[in-house]
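Peer 1: Could you look at this predicted model? Sequence included:
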Amino acid sequence: MIKILAIESSCDDTSAAVLWDNNVKSNLIYNQEIHQQYGGVVPEAASREHIKNIIPVIDAALKKAETTLQDLDAIAYTQSPGLIGSLLVGAHTAKSLSQVLQIPLLAVQHLQGHILSCLIDEPRPEFPFLCLTVSGGHTQLVVCNSASDMKIIGESQDDAAGEAFDKTAKLFGLKYPGGPLVDKYAKDGNPTKFEFAKPKAEGLHFSFSGLKTSVLYFLQKEMRKDDQFIKNNLNDLCASVQKTIVDILLNNLEKAVEQTGISDVCIAGGVSANSELRNRFIALGKEKEWNCYIPKFEYCTDNAAMIGIVGYYKFLEKDFASLDTPTAARSTF
């Protein structure tokens, strides 16, 4: 049995998980609330919070999994992409533990973690499968031929879907992070009440920056007529924006399935926790006879379990990292 400690610190959540083979024994996440007062993630503050919390979170994850440091066979950590200061905290912690314990180091690409989170629980998709990865920083369509062979066939040319949610939420006066609040208020709104732009991008690529501009100009026009317009129409505004974003995502996903012929289809990443996206994805899958997979909510947002599952497959392939493996703010497969 392979026992892996996984560390995720790519942005503003400090997470540690313990896996025995591909079974998650613990997966703890410390959410940094300090950023709410700024309306977005402050990189310097995020790094300092990781430094303060990473050891207690690791300790708690080991205790919950009833595993000691001496039991471990490897350490997995997020190597890229993300906020460089945050990544470095996790990377140096993992490298230090690897050196002290004299066990292998597994460097994991964050987006591979989101994609392979679909393999954590049963039922699991069969290779090759198609994954729509949607998070605060990335929106990608990926063909996953194996745990180590992935190809991006479409991605956002500007804002990611998560950014589109958060930026429009900010226009509505909602607190950060705004995406979950948009989802919350949209449940009581009319998704066809207002129509917003659906920016076009070439091929299977995405574009969301024009949506924010469309919403901004619309609000400016309506607020000149009624300064309480947002307050009086918040539910409908959230529902209409959410529908627009989900339309863009699923339209491209449908095209990707048609072009690739792959019928095992997943959605992953933080935005895959959105109720509208999940419900419509399942409904579209039934209509098109796809095999649909969505990770549990706890594996949708940034978490160490998804880093651990990639680490598990890397361990099987003996794809180990060295102490001089660089940490990178940006990377591709």
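Peer 2: Structure's in. What do you need? Numbering: from 1, shown residues only.

Peer 1: Only C-alpha atoms from now on, for both contacts and neighbour counts.
Peer 2: Noted.

Peer 1: low-scoring stretches of this structure, by residue?
Peer 2: Within the chain, the ranges that satisfy pLDDT under 70 run 34-35, 37-39.

Peer 1: Centre of it to the edge, which residue is at the far end?
Peer 2: For the chain, the residue at maximal distance from the C-alpha centroid (Cα atoms, centre = their mean) is K225, at 38.6 Å.

Peer 1: What are the boundaries of the strands in the protein?
Peer 2: 3-8, 13-20, 23-31, 74-80, 105-109, 129-134, 139-144, 150-155, 264-268, 291-293 (DSSP state E).

Peer 1: Between these, which one is closest to I120.
Peer 2: Using Cα to Cα as the measure, strand 23-31 is the one of the strands of the chain that comes nearest I120, at 7.2 Å.

Peer 1: What pairs with that closest one, parallel or antiparallel?
Peer 2: Strands flanking strand 23-31 in the sheet, each with its direction: strand 13-20 (antiparallel) (DSSP bridges).

Peer 1: what angle do the partner strand and strand 3-8 make?
Peer 2: Using axes from the mean of the first three to the mean of the last three Cα atoms, to 10 degrees, the interaxial angle of strand 13-20 with respect to strand 3-8 works out to 170 degrees.

Peer 1: contact partners of strand 13-20?
Peer 2: With Cα atoms under 8 Å, 6 or more residues apart in numbering as the test, strand 13-20 has contacts from 1-9, 24-32, 50, 53-54, 57-58, 61-62, 65, 67, 302-305, 308-309.

Peer 1: switch the cut-off to 6 Å
Peer 2: Here strand 13-20 makes contact (Cα atoms under 6 Å, 6 or more residues apart in numbering) with 2-8, 25-32, 50, 58, 61, 303-305.

Peer 1: What distance do you get for H110 to L87?
Peer 2: Taking Cα to Cα, to the nearest Å as the measure, H110 falls 10 Å from L87.

Peer 1: give the contact list for the spatially most central residue of the chain.
Peer 2: Residue closest to the mean C-alpha point of the chain, counted by Cα atoms, centre = their mean, is G269 at 2.8 Å. Applying Cα under 6 Å, 6+ apart to G269 gives the contacts 114, 133-135, 300-301.

Peer 1: What's the PyMOL line that selects buried ones from those residues?
Peer 2: Applying 16 or more other Cα atoms under 10 Å to the contacts of G269, the buried members can be selected in PyMOL as follows:
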select buried, resi 114+133+134+135+300+301
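
Peer 1: Most widely separated two among the contacts of G269?
Peer 2: For the contacts of G269, the farthest-apart pair by Cα to Cα is T133 and T301; their separation is 11.2 Å.
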